[in-house]
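Engineer: sequence unavailable; structure follows:
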């Protein structure tokens, strides 16, 4: 008794052991997490490098822009310096070539002016100023002979520096002029100043450099007044709006913000011996155009890359998750099989225990009844009373019935070890149905067996086939209402397989469930707690192990039909002993 | 025929013994291995019917012990359950014909006893 109690407890424990393993993974969440993680790892470096490229290119183009503007300034500065230097050299040559007397002779001076005009084109007047600041000779459009410059700043400058180049001023005919004056020392220790006015060509010279790309090249003086017209800062003699840069020996550059959107790169250089600063300005926008194009290309490349990466990741992760799902389903299938096997083994042990224990009392009853009969037969004192003999016979019959029941159970339990043997299908079906005999009788369920006798004996695993049929029939009984009908048919297909069809006219399986009934742990009876938990997933697995196929068709409220096809030549999953053993039939010592 | 019955279920073999004696057999029975051996010391038996599984000892071991005492003794086995191992061992050891499954049918038992006397003859 204690043995059966123990096994019962173990059965319950197994139920609980496995329930946590039935958990299935949340595949949606896994998909999302993996896509996010992989995207992160893939996309972040791409974006990072794109940003680096962006910055490097920007820096490079900016640098280039500044360089170009500086070069522009430098080149123009050279031209301007040269221009001024040339004019200065002309004057120096004049003082060297001519004596003071020549220069103060009006006729000669006039001729010198004309020659200078012929040679350079822009001299408008020329004058000689003595060491007292008085202009002693003058040729030109104005009446300036005798003018006293001794108090003027420029005179003092030329005395100090030896040369003076004036700021631009609006002179004759309101055109921009500038004046150059040089000091010439005389052998007797005194000096004179030769001064000339130029209708300079600086404006056109500077504007020649300009073209469509927004360049602005101009001169300012050290006080910030424009000497030549500027596109951005005004016309001649206007004051520029930006601070005047400090003196620097070389060309420098700076950024100037004109307004919200306009930024200029301005390069500048001081012109020696003058108070001029050459400035070249270019709008940063135009200079940065190559960077903008590069930026556009970069963005395009980035978006294409990211799109491709994402597409690939989604495809790859979806594939992986799908495989994961399949694998998980398999796992659940195995788990279900494992649970089932365990349960079955336990039941087997239970059955064997019970049967053994029942058999002894049964044997005793049998013998005692037999003895009573013997007493009536052999001992004259107990004359054989037919009624008493009948009663004893009834006892013996009941014992025989009990015996059949226990034998059936034992036979089922015994065949759980795998072994392939030759079976008679009709016999196996009858055996399985005998388990359901009583229930069929109570519930008035009609069981119709249509198994032709010409179905040959074929090799298969008897125990497994019994389990399959038992499960199918059990399910049918569960679906049937009282008075229903169950039909078991068998037929040969194509000469190489046998098909067993079990149909009932019970409640049927809804369409939404049909696709899932072979899934592990899927049970429509689960809610009510009915059923032994021997799901169709197990049956499916068993059929596959026998090398067969199973199919179902059903209509709600009309009935269900299961079709099991098995090969006549055993080609299933054989975990059986390598040499197929023909299992003998046990000795049926208690005749039925 | 002189028969020795050995089974731990007293009611069972006592009744069997009585029924067999009605039919002309000389039957003794024992419920333990020790008692059986003691009986074998005192009397010669033609055949012994042994229960395969007894408390503390197996039927086969009893067989061995009796054989040493009376080499000419024939044997039948009874088994009360269909445990695969015992079943196979019984079949292997004695041949399928020489065991019976409980509850035992009397005429089947008698038939097998006669069979055993003939077949297990002079070995």
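Structural biologist: Okay, I see it. Here the structure is a predicted model, which is why all the values come from computation and not from measurement.
Engineer: do a quick rundown of the strands in chain B.
Structural biologist: Taking DSSP state E, the strands of chain B run over residues B:2-6, B:26-30, B:47-51, B:53-54, B:57-58, B:74-79, B:99-101.
Engineer: can you list the ones you listed in CSV and add mean pLDDT, mean neighbour count and distance to chain A?
Structural biologist: For every residue, glycine as well, the C-beta is placed using N, CA and C. Below are those laid out as CSV (pLDDT from 0 to 100; neighbours: other Cβ atoms under 10 Å in any protein chain shown; distance: least, Cβ to the nearest Cβ, whole Å):
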stretch, mean pLDDT, mean neighbour count, distance to chain A
strand B:2-6, 93, 23, 11
strand B:26-30, 94, 19, 12
strand B:47-51, 90, 25, 10
strand B:53-54, 78, 18, 9
strand B:57-58, 81, 16, 15
strand B:74-79, 85, 23, 9
strand B:99-101, 78, 24, 5
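Engineer: which one of these lies nearest to residue A:38?
Structural biologist: Closest to residue A:38 of those, according to Cβ to Cβ: strand B:53-54, at 65.2 Å.
Engineer: and that closest one, how far from the chain's centre?
Structural biologist: 12 Å (Cα atoms, centre = their mean, to the nearest Å).
Engineer: coming back round to it: out of the strands of chain B, which comes closest to residue A:412?
Structural biologist: strand B:99-101 (15.8 Å).
Engineer: follow-up on the earlier one: for residue A:50, find the nearest of the strands of chain B.
Structural biologist: strand B:53-54 (83.8 Å).
Engineer: hmm, back to that, export the strands of chain B to a markdown table and tack on distance to residue A:66?
Structural biologist: Below are the strands of chain B laid out as a markdown table (distance: least, Cβ to Cβ, whole Å):
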| stretch | distance to residue A:66 |
| --- | --- |
| strand B:2-6 | 118 |
| strand B:26-30 | 122 |
| strand B:47-51 | 113 |
| strand B:53-54 | 107 |
| strand B:57-58 | 108 |
| strand B:74-79 | 109 |
| strand B:99-101 | 110 |
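Engineer: chain B: helices as residue ranges?
Structural biologist: For chain B, the helices defined by DSSP state H cover B:10-22, B:33-42, B:59-69, B:84-94, B:106-119.
Engineer: ugh, typo on my part, it should be the stretch 51-200 of chain A
Structural biologist: Using DSSP state H, counting those that start in this stretch, the helices of the stretch 51-200 of chain A run over residues A:100-104, A:106-120, A:153-161.
Engineer: same thing with the stretch 251-400 of chain A?
Structural biologist: So, for the stretch 251-400 of chain A - with DSSP H, counting those that start in this stretch - the helices run A:284-287, A:289-378, A:386-414.
Engineer: name the residues that touch the shortest one?
Structural biologist: Translated: helix A:284-287. Helix A:284-287 is contacted from outside by A:61, A:64-65, A:68-69, A:213-214, A:255, A:262-265, using Cβ atoms under 8 Å, 6 or more residues apart in numbering or on different chains.
Engineer: what about the helices in the stretch 451-592 of chain A?
Structural biologist: A:462-479, A:511-514, A:536-545.
Engineer: closest to chain B out of these?
Structural biologist: Set against chain B and scored by Cβ to the nearest Cβ, the helices of the stretch 451-592 of chain A come closest in helix A:462-479, at 11.5 Å.
Engineer: where does pLDDT dip in the stretch 151-300 of chain A?
Structural biologist: Per-residue confidence for the stretch 151-300 of chain A (pLDDT under 70) gives these ranges: A:209-212.
Engineer: with that, I have no additional questions.
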